[in-house]
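Trainee: Structure of the sequence below:
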Amino acid sequence: MPDNSSIARPPLSPAVADVRVAVRRALTAARDSGLREDDLVLVALSGGPDSLALAAATAFEAPRMGIRAGAVIIDHGLQPGSETIAAQAKAAAEQLGLDPVVVRRVDVAPGSGPEAAARDARYGAIAQVAESTDARRVLLGHTLDDQAETVLLGLARGSGATSLRGMSPVAGLYLRPLLEVRREVTHAACAAEGLRAWADPHNADPRFTRVRVRNAVLPVLERELGPGVAEALARTAEQLREDSEALDHMVLEIIEEICEPAEAGIAVDVGALAANPAALRNRIIRLVAFSEFGRSLDRGHTLEVARLVTDWRGQGPIDVPGIRVSRQGALLVFTARG
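Mentor: Predicted structure coming up:
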C-alpha cells in the first residue's frame, strides 16, 4: 500500500485562503453571538464571482464548525435568460455541497429607480426564504470595493454619517464576511477553484451610478492620488461606524428622559436639546421624526427644526415632510400633518 501521507498536496491559493479566513472569522463571531451548532446559514448567491467565492468558502468552513450551509438564489427576471443563470447558480451551489438551495423568482416593482427596486425585492425574498428554511444568518458577498463605492457615493450626495458609515459587517440577519477582501481576490479565488462565475452585464452598464463610480471615478482617484484609495474609504466607513454607533447609543439613553406625549404627537424638552452638542441634538430630532412618524429628515430639514432650539426669536411652526414642529414654551412639539 502506498503511503498517502507522503504525497504532497497542491499549495492552497492565497486568494482562496483569504476568503476562507474571512468566512471563518464571520461565522466564529456569529457563533459567539448566538449561532449554534447545526444551525443553518444561507449564502445569497447570484452566480457572480463575489458570491460564488463566498459560497465555496462557506461550504468549506461551515461544516468544520458544525454549522449547516445552504444558498438562496434570487431571480429578478430583469434580463433575458435570467432563469438559466439562476439554474446555473443552483447547480454550482449543489456541486459545492450546499443544502438546501432555494431559487426564488421576484417581481421588481416599477416606479422607483431600478437599482433600489431590485434591491428591495431581493432583500424581501431573501428574508422570506430565511424564515421558511429557519436559517439563522444570511451571508452577503459585498467586498471592500463595494464598501468603498458606497462611501464615495455618500460623499458625492452630501450624506451624513449614517450613509458614510457604509455597510455593517453584521446587520441583524445579515453577515458580510468579505468587507475586508478586495474584488480581485474573489475573482482569483474562483479561478483557483475552477468555478465559472457569471458576469452580470449590469455591472458594466454606465447607466447605473455605481457602475460609473466603479469603472471611471475610483480608477481616476487611484491614478491621481496613488494606490490605496479603496482601502482608505473602507477605513473611513469603519471609523465613522464606530463613532456613529456610540452617538446612537447615547441618543437612546437620553431620549426616554426628555420626551413626553403631546396631543397628536410628541414633545421634546428644549432645555435638554439645547444642552447637548449639535451631533446629539440633530440625532434626537431625526430619531423622533423617524420613530414617531416614519419620516427621514435630511440635514436641511433637521437644521430648520434645530433653529427652534438654538435660534429662537418667537417664530411660528415650521413644516418638514409629514411633520409640523412648533416651539411651545419649554417644549418642542412634533405633530403629524396631512
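Trainee: the strands in the chain, which residues?
Mentor: Shown for the chain, the strands assigned by DSSP state E span residues 40-44, 68-75, 101-105, 135-139, 170-171, 174-175, 259-262, 265-269, 318-320, 323-328, 331-336.
Trainee: Throw these into CSV and include mean neighbour count and mean pLDDT, thanks.
Mentor: The C-beta positions use only the backbone N, C-alpha and C, and glycine is treated the same way. Listed next are the strands of the chain as CSV, based on neighbours: other Cβ atoms under 10 Å; pLDDT from 0 to 100:
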stretch, mean neighbour count, mean pLDDT
strand 40-44, 25, 98
strand 68-75, 25, 96
strand 101-105, 18, 94
strand 135-139, 23, 98
strand 170-171, 12, 94
strand 174-175, 22, 98
strand 259-262, 14, 91
strand 265-269, 19, 95
strand 318-320, 16, 94
strand 323-328, 18, 95
strand 331-336, 20, 95
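Trainee: Just put the ones you listed in JSON lines and tack on distance to residue 129.
Mentor: Formatted as JSON lines, the strands of the chain follow (distance: least, Cβ to Cβ, whole Å):
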{"stretch": "strand 40-44", "distance to residue 129": "7"}
{"stretch": "strand 68-75", "distance to residue 129": "5"}
{"stretch": "strand 101-105", "distance to residue 129": "5"}
{"stretch": "strand 135-139", "distance to residue 129": "7"}
{"stretch": "strand 170-171", "distance to residue 129": "17"}
{"stretch": "strand 174-175", "distance to residue 129": "13"}
{"stretch": "strand 259-262", "distance to residue 129": "38"}
{"stretch": "strand 265-269", "distance to residue 129": "37"}
{"stretch": "strand 318-320", "distance to residue 129": "38"}
{"stretch": "strand 323-328", "distance to residue 129": "36"}
{"stretch": "strand 331-336", "distance to residue 129": "36"}
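Trainee: out of these, nearest to residue 23?
Mentor: Closest approach to residue 23 among the strands of the chain (Cβ to Cβ): strand 135-139, 7.4 Å.
Trainee: Tell me the bridge partners for the residue lying closest to residue 304 once chain neighbours are set aside.
Mentor: Among residues not flanking residue 304 along the chain, residue 318 sits closest, at 5.5 Å (Cβ to Cβ, 6 or more residues apart in numbering). With DSSP bridges as the criterion, residue 318 is bridged to residue 325.
Trainee: From residue 132, how far off is residue 318?
Mentor: When distance is defined by Cβ to Cβ, to the nearest Å, residue 318 is 46 Å away from residue 132.
Trainee: got it, and residue 157?
Mentor: In terms of Cβ to Cβ, residue 157 sits 36 Å off from residue 132.
Trainee: Find me the pLDDT at residue 160, would you?
Mentor: Looking at residue 160, its pLDDT stands at 66.
Trainee: What is the burial count for residue 181?
Mentor: 25 (other Cβ atoms under 10 Å).
Trainee: Residue 254 versus that one, what's the distance?
Mentor: Using Cβ to Cβ, residue 181 is found at 38 Å from residue 254.
Trainee: what's the answer for residue 39, then?
Mentor: Note on residue 39: its distance to residue 254, by Cβ to Cβ, is 36 Å.
Trainee: so what's residue 130 closest to, chain neighbours aside?
Mentor: Closest residue to residue 130 in three dimensions, ignoring its sequence neighbours and counting by Cβ to Cβ, 6+ apart: residue 138, at 5.5 Å.
Trainee: who's in contact with residue 42?
Mentor: Contacts of residue 42 were listed using Cβ atoms under 8 Å, 6 or more residues apart in numbering, and they are 69-72, 102, 126, 129-130, 133, 135, 137-139.
Trainee: Let's see that with 7 Å instead.
Mentor: Residue 42 makes contact with 70, 71, 72, 130, 133, 135, 138, according to Cβ atoms under 7 Å, 6 or more residues apart in numbering.
Trainee: Next: residue 292.
Mentor: 266, 334.
Trainee: I'd like the distance between it and residue 271.
Mentor: According to Cβ to Cβ, residue 292 stands 20 Å off from residue 271.
Trainee: what's the answer for residue 94, then?
Mentor: From residue 94 across to residue 271, the span is 63 Å (Cβ to Cβ).
Trainee: Spatially central residue for this protein, please.
Mentor: residue 167 (3.9 Å; Cα atoms, centre = their mean).
Trainee: Just list the residues touching that one, thanks.
Mentor: For residue 167, the contacting residues are 142, 147, 150, 176, 179, by Cβ under 7 Å, 6+ apart.
Trainee: And residue 65, by the same measure?
Mentor: With Cβ under 7 Å, 6+ apart, residue 65 has these contacts: 27, 31.
Trainee: And it, how far from residue 93?
Mentor: 19 Å.
Trainee: go on, residue 321?
Mentor: Residue 321 sits 43 Å away from residue 93, going by Cβ to Cβ.
Trainee: And the pLDDT at the residue nearest to the centre of the chain?
Mentor: On the pLDDT scale, residue 167 is placed at 93.
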